[in-house]
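sequence and predicted structure, then a few things I'm wondering about:
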Number of protein chains: 2
Amino acid sequence: MSKRIIVQKYGGTSVADVDRIKNVAKRVVKTKKAGNDVVVVVSALGDTTDELIGLALQVTNNPPERELDMLVSTGEQVSCALLAMAIHELGESAISFTGAQVGIITDNSFTKARIIDINARRIVDELKKKRIVIVAGFQGVNLNQDITTLGRGGSNLTAVALAKVLKAYSCEMNTDVEGVFTADPRIVRDARKIDRISYEEMFELASLGAQVLQPRSIEFAMKFGVPIHVRSSFSERTGTIISREVRAMEDIVVSGVALTKNEAKVTICDVPDRPGIAAKIFREIAKQDINVDMIVQNVSRTGATDMSFTVPENDLNKTIKVAKDISAKIRAGGVIFDKDIAKVSIVGIGMRSHSGVAAKMFEALAEKGINIEMISTSEIKISCVVGKKYGEDAVRAIHAKFGLGKKRNS
Amino acid sequence: MSKRIIVQKYGGTSVADVDRIKNVAKRVVKTKKAGNDVVVVVSALGDTTDELIGLALQVTNNPPERELDMLVSTGEQVSCALLAMAIHELGESAISFTGAQVGIITDNSFTKARIIDINARRIVDELKKKRIVIVAGFQGVNLNQDITTLGRGGSNLTAVALAKVLKAYSCEMNTDVEGVFTADPRIVRDARKIDRISYEEMFELASLGAQVLQPRSIEFAMKFGVPIHVRSSFSERTGTIISREVRAMEDIVVSGVALTKNEAKVTICDVPDRPGIAAKIFREIAKQDINVDMIVQNVSRTGATDMSFTVPENDLNKTIKVAKDISAKIRAGGVIFDKDIAKVSIVGIGMRSHSGVAAKMFEALAEKGINIEMISTSEIKISCVVGKKYGEDAVRAIHAKFGLGKKRNS
């Protein structure tokens, strides 16, 4: 009878030093001894990746991306070799592999490659030999045998992709938090760990800055239907299961409240209201590789309208420059901006079939006297921009209003 | 017309930090601009390899060798990526490769693998694209795609092997010394850089502790007839050419004087003088993986003889233990040892056809009142063991006696 395969991913903080690597080894061995086949995906030790990039930047301000991938991929190679050693030390057999060695084939987009195929033969062979298989996360190899990396959250992508091809029973993301919470526990004292959440909700939460999993990993898991178990490397407790929407979830209107503080608002004033003008504006901005988040434009009654949008704070200067150019070109009324904003959002699959959710959120803010500057909604998300200094109060107010801390529903 | 290919190897001290990597990049680009195709082999940055091994030893006292190779091979991957970046920064195109990527195929002896084949197709392709090719030294891959390392001096082996398959015009070993000297310049003030030396002489000098090149690399170069140019990474001067014996060399009786201080002498006393006894002793010692260097046994006139030999000081305790066991078994008279020894050797291909060389060496020592404890000779080498405190004086006396500092011959 074939055993069930569990894929466990451990992030950089879980393998930050030798003691933590030994701790991870113990967890892995325990999972193996419980009768599972175990495939482990590891990130680089602690801040190794940033240190390697720092080294590259000392050599050149503009490192070729192929060489950057060659360089930073060593981080995961180090951690997977050390973890294999730590497991040996505990008396279990383990073998480590680079992305290239286990046939993680990607396209040619260095530093942000996409996995196009995995040939898991070698992993399956080693599992048959009763070995624990350790795979360097975050990396692959293109068809030319050049090393590539998968970009931010790449190790999670590796884990999900392996779970998919190995038909794993579970894909555990071991991290430094206990799971996904109804709000950031540092802000909301009675924030509660969510037991189950849908990919869609998690995707919105992740996009909104819940730092547990990158949106790309969730998209990937959703695409392949791989259930994810987000849990802590430092405890034995069950964390949060992210999976397809299940009936029980539908009763839950709001799953969590998220806060984003690193955006800035830009407004192009008095934009002439004619067809194609919005396309023109945002095509110019996209050309500069600026990621626009919320866009709000009211219906114009005067023949001109204000066009507001938010961008990452890092991109603000670049954005102001291009917005001013556009404003001049289209004869708009100039550009104003505001860095002191926060975005508060609620996410919940149940919203789709419940009315009054938005009103309840706005009431929560009104009761605290917090002014709403922008509103944007999707099927399962409502976001409000407020003054930055009100951000945390807004989260607490909304969390309480929907009763998220005590029981699951509002 | 096809260009000449120059293989340049840079050791750990040559790429110890970002500034030195930039310096190496300049040298490489200069060689390329002089009209050559350039293939560069690099070691790991400074002490990286030792640091990685230290990390492994924090995890386990007994790291599996496969995983150790997985770990330490990252050192060269880092340095070759950084060097490629530094070359790009100077406006030349460069591409870095791991041992696996350029098809350096080895056997399965992890941590001390032997190269069995190199498929240089990828290197040749990249050279045709006018790129400088950087190869991670010290590493290869077995037929199972597991990463292997080549052991001490492995980067030199990589360079020699690449020079061979690429039919390189020259194989430069760039290091932190100007070349090979008639004696250690720290001991003998007027020691002179040797312009040309034969593989055989260099092999003996290397075995004797001239730290420029490992004996294994020289053996390898000799086997394939690859001429080696040992030179400094920090100067433009020509260093020492190591090649097949040439006529001019034959006039040189003694090429250099070497000193080894890390050996210890062990004597098994009153060994019964019967056939097979020496074989028995040294088979037992070899079983313990102890590398015996000199062995001296005088013809016995009493039916019992003293058997003396030298071993690396590190192995002394192990050796004493096994020697005592043997002594008891063969009913010898016990074991004595001496750590305070030094071995002084002269090497020269001309010795083969010149008599009186040994006498002259012994005279040099006698004139300084230095007692000789052991003597051992080969075709092109004479070694004397003396008290450790006399070692450096002995080197100076012999160096002067053979007139090595002023002109090449005695």
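Thanks, I have it.

which residue ranges of the stretch 201-350 of chain A form strands?
Taking DSSP state E, counting those that start in this stretch, the strands of the stretch 201-350 of chain A run over residues A:228-232, A:240-243, A:256-260, A:263-272, A:295-297, A:304-312, A:335-338, A:341-347.

so, low pLDDT: which residues of chain A?
Regions of chain A meeting the criterion pLDDT under 70 cover residues A:1-2, A:209-211, A:247-250, A:299-301, A:406-410.

spatially central residue in it, please.
A:Q214 (1.3 Å; C-alpha atoms, centre = their mean).

picking that back up, for the strands of the stretch 201-350 of chain A, give me a markdown table that also has distance to chain B and mean neighbour count.
In this view, the C-beta of every residue, glycine as well, is placed from N, C-alpha and C. Converted to a markdown table, those look like this (distance: least, C-beta to the nearest C-beta, whole Å; neighbours: other C-beta atoms under 10 Å in any protein chain shown):
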| stretch | distance to chain B | mean neighbour count |
| --- | --- | --- |
| strand A:228-232 | 22 | 22 |
| strand A:240-243 | 31 | 22 |
| strand A:256-260 | 34 | 25 |
| strand A:263-272 | 33 | 21 |
| strand A:295-297 | 39 | 15 |
| strand A:304-312 | 27 | 20 |
| strand A:335-338 | 36 | 16 |
| strand A:341-347 | 38 | 27 |
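
closest to B:N262 out of these?
Closest to B:N262 of these is strand A:228-232 (C-beta to C-beta; 50.4 Å).

need the residues of chain A near chain B, please.
By C-beta under 8 Å from any C-beta of the partner chain, the residues of chain A that approach chain B are A:18, A:21-22, A:52, A:55-56, A:58-60, A:62-64, A:66-68, A:70-71, A:73-74, A:77-78, A:80-82, A:84-86, A:88-89, A:95-96, A:98, A:100-101, A:122, A:145-147.

using the three-state scheme, assign the closest residue to A:A342 other than its chain neighbours.
Closest residue to A:A342 apart from its sequence neighbours, by C-beta to C-beta, 6 or more residues apart in numbering or on different chains: A:G391 at 3.0 Å. Of the three states, A:G391 takes helix under DSSP: H, G, I helix; E, B strand; the rest coil.

how many residues are close by A:G391?
Per other C-beta atoms under 10 Å in any protein chain shown, the neighbour tally for A:G391 reads 21.

likewise A:E379?
Around A:E379 there are 9 residues (other C-beta under 10 Å).

ok, it - contacts?
A:M351, A:R352 (C-beta atoms under 8 Å, 6 or more residues apart in numbering or on different chains).

and it, its phi and psi?
phi -60, psi -40 (degrees, to the nearest 10).

how far out from the middle of the chain is stretch A:120-130?
Here stretch A:120-130 is found 30 Å from its chain centre; the criterion is C-alpha atoms, centre = their mean, to the nearest Å.

thought the residue nearest to A:A342 was touching A:N262?
No. Applying C-beta atoms under 8 Å, one finds A:G391 not in contact with A:N262, separated by 11.0 Å.

quick check: A:E201 vs chain B, distance?
39 Å (C-beta to the nearest C-beta, to the nearest Å).

so that residue makes contact with A:I346?
No. Between A:E201 and A:I346 there is no contact under C-beta under 8 Å: 10.3 Å.

mutual contacts of the two, please.
With C-beta under 8 Å, 6+ apart as the test, A:E201 and A:I346 both reach A:G256.

A:D315 - how many residues pack around it?
19.

same check, this time on the one 10 residues further on
When neighbours are defined as other C-beta under 10 Å, A:D325 has 12 of them.

I figured it hits A:E284, correct?
Yes. Using C-beta under 8 Å, A:D325 is in contact with A:E284, at 7.4 Å.

in the stretch 201-350 of chain A, what residue is nearest chain B?
For the stretch 201-350 of chain A and chain B, the shortest gap (C-beta to the nearest C-beta) falls at A:S233, measuring 16.9 Å.

give the contact list for that residue.
Applying C-beta under 8 Å, 6+ apart, the residues contacting A:S233 are A:Y10, A:G11, A:T13, A:S14, A:R20, A:N23, A:V24, A:R27, A:N174, A:T175, A:D176.

for those residues, give me a markdown table that also has neighbour count and secondary structure.
Output for the contacts of A:S233, formatted as a markdown table (neighbours: other C-beta atoms under 10 Å in any protein chain shown; DSSP: H, G, I helix; E, B strand; the rest coil):
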| residue | neighbour count | secondary structure |
| --- | --- | --- |
| A:Y10 | 28 | strand |
| A:G11 | 21 | coil |
| A:T13 | 18 | helix |
| A:S14 | 25 | helix |
| A:R20 | 19 | helix |
| A:N23 | 17 | helix |
| A:V24 | 25 | helix |
| A:R27 | 19 | helix |
| A:N174 | 26 | strand |
| A:T175 | 24 | strand |
| A:D176 | 14 | coil |
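
quick check: A:M222 vs A:F203, distance?
Look at A:M222 and A:F203: by C-beta to C-beta, to the nearest Å, they are 7 Å apart.

and those two? Which one has more around it.
The neighbour count for A:M222 versus A:F203, taken as other C-beta under 10 Å, is higher for A:F203 (23 against 19).

name the nearest residue to the more buried one, ignoring sequence neighbours.
Closest to A:F203 by C-beta to C-beta, 6+ apart is A:I218, at 4.7 Å.

who are the neighbours in contact with that neighbour?
A:Y199, A:M202, A:F203, A:A206, A:I228, A:I242.

what's opposite the closest residue in space to the fifth one that isn't next to it in sequence in the beta bridge?
This points to A:I228. Closest residue to A:I228 in three dimensions, ignoring its sequence neighbours and counting by C-beta to C-beta, 6+ apart: A:I242, at 4.2 Å. Under DSSP bridges, the beta-bridge partners of A:I242 are A:I197, A:I228.

I figured A:I242 hits A:I197, correct?
Yes. If you go by C-beta under 8 Å, A:I242 and A:I197 touch, sitting 5.5 Å apart.
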